[in-house]
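In: Below is the sequence, then the predicted model.
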Amino acid sequence: MKEAYIDAGVKLSKNLLKRNELQQRKEVVKFIKNNPTCTVSEIQIKLRVNIPRLYGSIINAYESAETNYPEREIDYGVRNPKVIKRCKIYESKVIKYLEKLGDVKPQVRVKNKIIDCLFCYNKKKFVVEIKDFRSRNNITKSQIKQLEQYMKLVGINNGLIICPKESFPKRNNHRNIYIENLNIKILSDEDIRGRSISYLLNAR
């Protein structure tokens, strides 16, 4: 019907101008793929869509587009200064814990990416990403893909995602992940302070 109106040069009614949810999702996916560093605001303004209603979060939208979520955004696209401050405090706290265990090199820039830190424990090197997710936000494929990309960039086969315990993936068996020759472990800040840390870091 819509195409017929367009072909006839007739102005579309409001009902015909409305896009269904599937069409909106397709437009969002296409936009993200063409603009891989876009923000929630940019998507919503350009496409006139509601990201929370369509996807729940910007992270889920990026996952649908099979695109890595940009590093600059913190905690699901929130730019609230209080949230940013909280994330930075958590990151500093985790890095201090790691420094007690081994050598740490924070904020490592590789190409246009910034890795939270590189960590060496008993001559074993790790790429580390620190995620201070709260509420119902869990570690998902997006964060795992991001770490996988960093590991390949620096040529290190071991990676860690460190986050609050409540942010672990919903499935219990998703804390020790193997991708080709890469091994990714998801640990909490409690884990790296505990007595079992040596076992967790050395285990494969």
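Out: Okay, I see it. Numbering: from 1, shown residues only.
In: Quick check: the closest residue to F119 other than its chain neighbours vs Q146, distance?
Out: Counting by Cβ to Cβ, 6 or more residues apart in numbering, the nearest residue to F119 once its immediate chain neighbours are dropped is F126, at 4.5 Å. Any C-beta I mention is one placed from the backbone N, CA and C, and that applies to glycine too. Taking Cβ to Cβ, to the nearest Å as the measure, F126 and Q146 are separated by 15 Å.
In: before we move on, what about R48?
Out: 29 Å.
In: out of the two, which sits in the more crowded spot?
Out: Each of R48 and Q146 has its neighbours counted (other Cβ atoms under 10 Å); Q146 has more, 21 against 10.
In: Do I have it right that that one meets E129?
Out: Yes. Between Q146 and E129 there is a contact under Cβ atoms under 8 Å: 6.7 Å.
In: picking up where we left off before, and the helix or strand that contains the residue nearest to F119, which strands flank it?
Out: Under DSSP states H and E, the secondary-structure element containing F126 is strand 124-130. The sheet places strand 124-130 alongside strand 113-121 (antiparallel), strand 158-163 (parallel), with pairing taken from DSSP bridges.
In: Just name the most buried of those strands.
Out: With neighbours defined as mean count of other Cβ atoms under 10 Å, the strands paired with strand 124-130 peak in mean count at strand 158-163, which reaches a mean of 24.
In: List the contacts of it.
Out: Residues from elsewhere that reach strand 158-163, judged by Cβ atoms under 8 Å, 6 or more residues apart in numbering: 94, 119, 124-133, 139, 143-144, 147-148, 150-151, 182-189, 191-192.
In: Partner strands of the helix or strand following that strand, with direction?
Out: Note on strand 158-163: by DSSP H and E, the next helix or strand toward the C-terminus is strand 176-179. Using DSSP bridges, the strands paired with strand 176-179 in its sheet are strand 182-188 (antiparallel).
In: Tell me the buried residues within the contacts of strand 158-163.
Out: Members of the contacts of strand 158-163 that pass the buried threshold by neighbour count (16 or more other Cβ atoms under 10 Å) are listed as 94, 119, 125-133, 139, 143-144, 147-148, 150-151, 182-189, 191-192.
In: Kindly check the end-to-end length of stretch 119-131 for me.
Out: Stretch 119-131 has its terminal residues 16 Å apart, counting by Cα to Cα, to the nearest Å.
In: Residues touching it, excluding its own?
Out: Residues beyond stretch 119-131 that count as contacts (Cβ under 8 Å, 6+ apart) turn out to be 90-91, 94-95, 98, 101-105, 115-118, 139, 143, 146-147, 150-151, 154, 156, 158-163, 167, 201-202.
In: How about stretch 87-100?
Out: Outside of stretch 87-100, the residues within contact range by Cβ under 8 Å, 6+ apart are 74-75, 104, 106, 116-117, 119, 128, 130, 132, 162, 164, 189, 192-193.
In: Surely I59 touches A65?
Out: No. Using Cβ under 8 Å, I59 is not in contact with A65, being 11.0 Å away.
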